[in-house]
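[1] Attaching a predicted model along with its sequence, questions to come.
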Amino acid sequence: MSSAAAEPRLLLVTGLSGAGKSTVLKVLEDLGWEVVDNLPLALLEALIDAPAKRSEASRPIAVGIDSRSRGFKPARLVKRIKDLREGGGRDIQTLFLDCAGAELERRFSETRRRHPLAEDRPAADGIARERELMEPLRRWAEHVVDTTNYSSNDLQQEVRQRFGDSGEGEPVLNILSFGFARGLPRNADLVFDMRYLRNPHWDTALRPGTGLDPDVAAYVMADPAYEDSVAQIERLLLTLLPRYRAEGKSYVTIAFGCTGGRHRSVHVANRVAQTLRAAGHEPTLTHRNLDSAPQDGLEGRPPPASSAGAGQA
């Protein structure tokens, strides 16, 4: 166990072409990782087998590998990693970057790049072939990140949350607000739906604001169900987080959603983050849809006139 502890952390970064591997490797490099991309499989196995020098033992290593890598055989790679683990060798983790086919097609079309497995055919053919080829690695990976709805900045933040130093065994904790109408966050561990609270969008004075504004926050807090329900969520999280730490969970993403992602979820996420900080946790706070334009069509039906009038009073 002591020799294993001396080994540097080794992360294989793989996944579908166009899903964001280059972005991930660049962020890991910025975080101080030693990064190697498209290493031939034979050299990767040599790197895995080679003992680390004591002077280098503290620096983690990230290796990018995908369908373009020479000698790439996912099933063989999975078996090699499994054998090492069962033999008490180096602890290797795998990050797999997934993405919906339609989004990958859009990315290849926008960049005018050819898919590496479909040089003379439509990108959709290469995507389907690569997805089948990579399935053993996807099933094996400890970390699977779906980048379908991610911007480059979203992916960078995800990598920093997962693989930055969390310190003292604490899980990396992220609090996220989002709008259900703009897509469910695929990598959230816990999702809380705030759409039961009254909606500031239907108050014309509050609509342009966000949950960070005091008048919007006051409107949400005035809902009779607000205080008791949010306090129960906070108690639940304060109960769960120490258990996650005891189980060795390295990251936890807690998402709060409302319809558009600008009012109710933003306010509640902000409050919960403050509560967790007061309890000694160090969450990062992300508002995914804060800058999205308000749209009546996304918000469903407005409340009855009597209810809306009461809310505006």
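    Ah, there it is. Every value quoted in this text rests on a predicted model; they were computed, and no experiment measured them.
[2] so where do the helices sit in the chain?
    2-6, 21-30, 41-49, 74-86, 101-111, 123-140, 152-163, 214-221, 226-246, 264-278, 305-312 (DSSP state H).
[3] how much does the fourth one deviate in direction from helix 123-140?
    When you say that, I think you mean helix 74-86. With axes from the mean of the first three to the mean of the last three CA atoms, to 10 degrees applied, the angle from helix 74-86 to helix 123-140 works out at 20 degrees.
[4] Would you mind measuring from the closest residue to Tyr196 other than its chain neighbours to Arg271?
    For Tyr196, ignoring the flanking residues on the chain, the nearest one in space by CB to CB, 6 or more residues apart in numbering is Ala225 at 6.4 Å. C-beta here means a position set from N, CA and C on the backbone, and glycine is covered the same way. Distance of Ala225 to Arg271, given as CB to CB, to the nearest Å: 15 Å.
[5] Which of these two has more residues huddled nearby?
    Arg271 (21 against 10; other CB atoms under 10 Å).
[6] what about the spatially closest residue to that one that is not a sequence neighbour, distance to Ser292?
    Leaving aside its sequence neighbours, Arg271 sits nearest to Val230 (CB to CB, 6+ apart; 6.6 Å). Noted for Val230: a distance of 23 Å to Ser292, by CB to CB.
[7] same deal with Glu119?
    Distance from Glu119 to Ser292, by CB to CB: 38 Å.
[8] Then Arg114?
    Per CB to CB, Arg114 is found 33 Å from Ser292.
[9] Val220 too?
    Counting by CB to CB, the gap from Val220 to Ser292 is 18 Å.
[10] Looking at these two now, which is surrounded by more residues?
    Neighbours were counted for Val220 and for Ser292 using other CB under 10 Å; Val220 has more, 24 against 16.
[11] So for the closest residue to that one other than its chain neighbours, what's the pLDDT?
    Excluding the flanking residues, the one nearest Val220 by CB to CB, 6+ apart is His267, at 5.0 Å. The score at His267 is 97. That number is its pLDDT.
[12] please renumber so the chain begins at 7
    Noted, 7 is the first residue going forward, which turns the last one into His273.
[13] looking at it, His273 is touching Ala223, isn't it?
    Yes: counting by CB atoms under 8 Å, His273 does reach Ala223; the two are 4.8 Å apart.
[14] okay, those two: which has more neighbours?
    Between His273 and Ala223, counted using other CB under 10 Å, the more crowded position is His273 (29 against 21).
[15] For that one, which residues are in contact?
    Taking CB atoms under 8 Å, 6 or more residues apart in numbering, we find His273 in contact with 217-218, 222-223, 226-227.
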